[in-house]
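Visitor: No sequence on hand, only this structure:
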């Protein structure tokens, strides 16, 4: 059997052998990046590591870690908190995103193009920064909005009336943060839906709400289900909001529990075995959810509404509610980015944290930006390295892997496809812990504590996205182009370099820029693998916050937002194109 599909006339055993060697090397690389770290977590979960490190000499193997996890009420509390947090935040984000996608794509709401841009702009603010900003706004005692409300309504209390440090505060923030992603997932479905079905409903006498409930929403089932499962996975693995809000609110979830096992308070020693066992449980749940997600996306053809018949999406007339709809979008934008960015910018310019006032404007200065820049020069350079190297390595690996997945008949190519997709279902905190364990061995010992272990970890975690994008791009390239090149005497490597790679370059750039966006905002993995030598902007912001340097925190946060915004401006045409074609 030939390892190359469609390349008729090629009987060269040397070509097949050479391609086979490349495939084995690639598979070994991907398994090392993805499989080896997860294997260390699995093994460590069966070790008694109290007062010991994983894989230390004479560490005992035991089932005690799992017995403790499943026999204590703590597990039930954590599961309840985690799933309740995920479900409620999903209800918020799905409700908002569905409304916004429908308004932008199916109605005559004014300023729909502006609304689209404003809805996705909150993606440029890292989740950690959004959470910190809302602490500054709604901390029960010192929150600026609370101080304003107490003054306006002459409240005698020294705290409240609002408090972000609650379970509902966690859900509110996570829902707001997830909304742009869900919006982009649902937008293509609303854009391509055949409106004749809704028109038939209205002709039959149904009003707008009845048509929405009986026709529009049932047709969105595949996209809704896929988006719901995707965001559920994201909520389960969320760490930024539970870390900043949940710990103070005393609402532990799976991810913060793993973190507390790794970095226990009060100077206690970490329990790597318990962290690994708990991480294995979380991985199992995440993989199950990812399996359900992939199954839901395969059933999309059962709900096809675009057929060979011509159709033209006609906007629904909202009548006098048109401007009210736009106002609702603006309220979301104010909550998601307006207030958080304003409070960060304000506190980065004034001499000390204070309620905004006209008088304080005269005290504006850039002193905190200078202080933050001087204290974060190493973090800035490391962030640039991380933002460039991680997407570059991930994209190069994905380019070759996607060719083998689509074009070859190599045994194991389907397994390779699944392994490249696996990191997408693994929470970042588990990946960070896994690479920490590898760093404690001879495998990654030389680079442990350097920026390069972060590069490797983020490369592995982000491998799924560029691979998916380039698999789709390779499927659109007809095999005849490669066959003609080979028939003219071109080698496999030259054909790949001069035919395939140029044609998938737009997809490769799409994967690169979006992975770069994720790398620039990443906190979880960087915090798990933190050392003074590999500090990045996200971890430096967290360091400033922990020591109470609020002004420096705000200044560096604004600088990070500016950096991510620059990447976002480059990525915006790609996002617009993907939203219109998927």
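Guide: On my side now, so go ahead. Quantities reported herein were computed from a predicted structural model and do not represent experimental measurements. Numbering: from 1, shown residues only.

Visitor: Please name every helix or strand in contact with the longest helix along the chain.
Guide: Ranked by number of residues, the top helix in the chain under DSSP state H is helix 73-106. Judged by 3 or more C-beta pairs under 8 Å, 6 or more residues apart in numbering; DSSP states H and E, the packing partners of helix 73-106 are helix 112-120, helix 167-192, helix 221-236, helix 254-262, helix 322-333. For the C-beta atoms, the positions are set from N, CA and C on the backbone; glycine is no exception.

Visitor: Please give me every residue in contact with the closest residue to residue 560 other than its chain neighbours.
Guide: Once flanking residues are discounted, residue 560 sits nearest to residue 537: 4.9 Å by C-beta to C-beta, 6 or more residues apart in numbering. By C-beta atoms under 8 Å, 6 or more residues apart in numbering, the residues touching residue 537 are 376, 379-380, 383, 520, 556, 559-560, 563.

Visitor: Any chance of the residues you listed in CSV with pLDDT and distance to residue 364 as columns?
Guide: Listed next are those as CSV, based on pLDDT from 0 to 100; distance: C-beta to C-beta, whole Å:
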residue, pLDDT, distance to residue 364
376, 90, 21
379, 94, 25
380, 93, 23
383, 94, 27
520, 90, 27
556, 95, 18
559, 94, 17
560, 93, 20
563, 90, 22
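
Visitor: re earlier: which of the residues in the longest helix of the chain are buried?
Guide: 75, 78, 81-83, 85-86, 88-90, 92-94, 96-106 (16 or more other C-beta atoms under 10 Å).

Visitor: Any idea how many residues pack against residue 447?
Guide: 16 (other C-beta atoms under 10 Å).

Visitor: quick one: it and residue 457 touch, right?
Guide: No. In this structure, residue 447 is not within contact of residue 457 by C-beta atoms under 8 Å, at 10.6 Å.

Visitor: picking up where we left off before, what about the contacts of residue 537, which are in strands?
Guide: Among the contacts of residue 537, none falls in strands (DSSP state E).

Visitor: Looking at those residues, which is nearest residue 270?
Guide: Set against residue 270, the nearest of those by C-beta to C-beta is residue 379 (24.6 Å).

Visitor: and the residue lying closest to that closest one once chain neighbours are set aside, what pLDDT?
Guide: Leaving aside its sequence neighbours, residue 379 sits nearest to residue 540 (C-beta to C-beta, 6+ apart; 4.0 Å). If you check residue 540, the pLDDT there is 95.

Visitor: Residue 540 and residue 375 touch, don't they?
Guide: Yes. Using C-beta under 8 Å, residue 540 is in contact with residue 375, at 7.4 Å.

Visitor: So the two - more neighbours on which side?
Guide: In this view residue 540 and residue 375 are compared by other C-beta under 10 Å, and residue 540 has more residues nearby, 25 against 16.

Visitor: Now do the contacts for that one.
Guide: By C-beta under 8 Å, 6+ apart, the contact list for residue 540 reads 375-376, 379, 556.

Visitor: Relative to residue 116, which of these is nearest.
Guide: Nearest to residue 116 out of these is residue 556 (C-beta to C-beta; 29.7 Å).

Visitor: burial measure for the closest one, as a count.
Guide: For residue 556, the neighbour count with other C-beta under 10 Å is 30.

Visitor: Which residue, neighbours along the chain excluded, lies closest to it?
Guide: Counting by C-beta to C-beta, 6+ apart, the residue nearest residue 556 is residue 372, at 4.2 Å.

Visitor: now for the strand or helix carrying residue 149, which elements pack on it?
Guide: With elements taken from DSSP states H and E, the one containing residue 149 is helix 144-152. Contacts defined by 3+ C-beta pairs under 8 Å, 6+ apart place helix 144-152 against helix 127-138.

Visitor: Give me the angle between the helix it packs on and helix 167-192.
Guide: Calculated by axes from the mean of the first three to the mean of the last three C-alpha atoms, to 10 degrees, helix 127-138 forms an angle of 130 degrees with helix 167-192.

Visitor: average model confidence for helix 127-138?
Guide: For helix 127-138, mean pLDDT rounds to 94.

Visitor: same question, stretch 472-491
Guide: Mean pLDDT, stretch 472-491: 65.

Visitor: Next: stretch 386-394.
Guide: 94.

Visitor: Tell me the buried residues in it?
Guide: For stretch 386-394, by 16+ other C-beta under 10 Å, it's 386-387, 389-391, 393-394.

Visitor: Which of these sits closest to residue 293?
Guide: Nearest to residue 293 out of the buried residues of stretch 386-394 is residue 394 (C-beta to C-beta; 20.8 Å).

Visitor: Let me know the helix or strand that the residue nearest to that closest one when sequence neighbours are not counted is in.
Guide: Among residues not flanking residue 394 along the chain, residue 459 sits closest, at 4.8 Å (C-beta to C-beta, 6+ apart). Element membership for residue 459, per DSSP H and E: helix 451-461.

Visitor: what sits up against that helix?
Guide: Helix 451-461 has contacts (C-beta under 8 Å, 6+ apart) with 33-34, 37, 382, 385-386, 389-390, 393-394, 397, 423, 426, 428, 431-432, 435, 439, 444, 447, 518-519, 522, 525-526, 529, 533-534, 536.

Visitor: Can you say which of those residues are buried?
Guide: Buried among the contacts of helix 451-461 by 16+ other C-beta under 10 Å: 33-34, 37, 382, 385-386, 389-390, 393-394, 397, 423, 426, 428, 431-432, 435, 439, 444, 447, 518-519, 522, 525-526, 529, 534, 536.

Visitor: which ones are touching the closest residue to residue 46 other than its chain neighbours?
Guide: Once flanking residues are discounted, residue 46 sits nearest to residue 61: 5.1 Å by C-beta to C-beta, 6+ apart. Applying C-beta under 8 Å, 6+ apart to residue 61 gives the contacts 46-48.

Visitor: Identify, from those residues, the entry nearest to residue 228.
Guide: residue 46 (34.1 Å).

Visitor: Could you count how many residues lie near the closest one?
Guide: For residue 46, using other C-beta under 10 Å, the count is 18.

Visitor: Does it touch residue 63 like I think?
Guide: Yes. If you go by C-beta under 8 Å, residue 46 and residue 63 touch, sitting 6.9 Å apart.

Visitor: Check the average confidence over the host helix or strand of residue 26, would you?
Guide: Per DSSP H and E: residue 26 is located in helix 13-30. In this model, helix 13-30 has an average pLDDT of 77.

Visitor: which residues of this structure score low on pLDDT?
Guide: 1-18, 49-51, 57, 192-209, 211-223, 296-314, 442-443, 476-500, 571-582 (pLDDT under 70).
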